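Asker: this one's structure only:
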């Protein structure tokens with residue numbers, strides 16, 4: 001079974017999502033285990049401090065190394081991948097997601113950043129996978145963490161109701177998905193392409209293939 005441990009200072013944000021839709025189904029089927037941890041659990045002061053001002057000055061606050069270290073020490077197993085969300089990280093793509101989904105004993109700890117980011121010593125000494133979901137800045141790492149978990153989980157056998165969906169969706173075989181239509185045949189003057197109404201499966205297949213774009 002694949003297991004995720006998500007470490008965040010806003011666990012309610014993450015829990016809301018993982019208890020809905022595909023992730024909820026995957027958990028219920030026993031195909032994935034997702035645990036959400038409040039980083040403040042690993043603080044040692046009465047204010048449960050997880051951040052502090054940067055050495056050398058500068059705006060914002062930096063997430064402290066001590067609670068992160070304690071969290072990883074408690075959660076980490078022999079083959080754990082410790083992942084961190086950062087704009088400087090490797091861009092997450094489908095091929096990488098697929099490689100993770102094929103690791104049947106995958107255990108991943110995902111650290112969700114906030115403020116101005118993590119103390120650099122966390123990057124240098126505690127993490128072995130840094131990833132980004134795009135060239136833009138978010139308020140925190142919870143959304144990237146959920147993107148990583150969702151994209152991996154949906155590829156696991158038995159998660160989706162129709163496994164054929166995985167064969168035709170975007171980025172499979174380096175192609176985008178073909179355009180799809182449903183009823184009604186015409187709305188507001190916008191019509192479904194005639195070929196899709198023809199019943200000619202060979203022509204439909206040709207239309208779909210020609211409509212896909214190379215990644």
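Answerer: That came through fine. Given the structure is predicted, the values throughout are model-derived calculations rather than measurements. Numbers count the residues shown, from 1 in each chain.
Asker: which outside residues touch the biggest strand by length in the chain?
Answerer: If you go by DSSP state E, the chain has its longest strand at strand 81-91. Here strand 81-91 makes contact (C-beta atoms under 8 Å, 6 or more residues apart in numbering) with 72, 76, 96, 106-113, 117-118, 122-123, 126-137, 141, 144-145, 148. Yep, even glycine has a C-beta here, placed from its N, CA and C like the rest.
Asker: Please apply the same query to stretch 187-206.
Answerer: So stretch 187-206 is contacted by 181, 185, 186, 207 (C-beta under 8 Å, 6+ apart).
Asker: Buried ones in stretch 105-122, by neighbour count?
Answerer: 106-115, 117-119, 122 (16 or more other C-beta atoms under 10 Å).
Asker: related to what we said a few turns ago, state the next helix or strand along the chain beyond the longest strand of the chain.
Answerer: helix 94-101 (DSSP states H and E).
Asker: partners of the helix or strand just after that next one in the sheet?
Answerer: Toward the C-terminal end, the helix or strand that comes next after helix 94-101 (DSSP H and E) is strand 107-111. Strands that pair with strand 107-111, judged by DSSP bridges, come out as strand 2-8 (parallel), strand 81-91 (parallel).
Asker: most neighbours per residue, which of those?
Answerer: Sort those by mean neighbour count, taking mean count of other C-beta atoms under 10 Å, and strand 2-8 sits at the top with a mean of 22.
Asker: Run a quick neighbour tally on the nearest residue to residue 112 once chain neighbours are set aside.
Answerer: By the measure of C-beta to C-beta, 6 or more residues apart in numbering, the closest residue to residue 112 outside its immediate chain neighbours is residue 141, 3.5 Å from it. Using other C-beta atoms under 10 Å, residue 141 has 28 other residues around it.
Asker: Next: residue 41.
Answerer: By the criterion of other C-beta under 10 Å, residue 41 has 13 neighbours.
Asker: pLDDT score assigned to it?
Answerer: Per-residue pLDDT puts residue 41 at 97.
Asker: where exactly do the strands run in this protein?
Answerer: Going by DSSP E, the chain shows strands at 2-8, 32-38, 51-52, 62-63, 81-91, 107-111, 129-132, 186-187, 190-191.
Asker: hang on, the earlier thing: gap between the residue nearest to residue 112 and residue 188?
Answerer: Separation of residue 141 from residue 188 (C-beta to C-beta, to the nearest Å): 41 Å.
Asker: same check, this time on residue 85
Answerer: 41 Å.
Asker: How many neighbouring residues does the residue nearest to residue 51 when sequence neighbours are not counted have?
Answerer: Leaving aside its sequence neighbours, residue 51 sits nearest to residue 61 (C-beta to C-beta, 6+ apart; 4.0 Å). Applying other C-beta under 10 Å, we find 16 residues neighbouring residue 61.
Asker: who touches residue 61 in this structure?
Answerer: Contact analysis of residue 61 by C-beta under 8 Å, 6+ apart lists 51, 52, 53, 54, 115, 116.
Asker: Wait, the last one touches residue 52, no?
Answerer: Same thing as residue 116. No: with contacts counted by C-beta atoms under 8 Å, residue 116 stays clear of residue 52, the gap being 10.8 Å.
Asker: which residues are in contact with both of these two?
Answerer: 61, 62.
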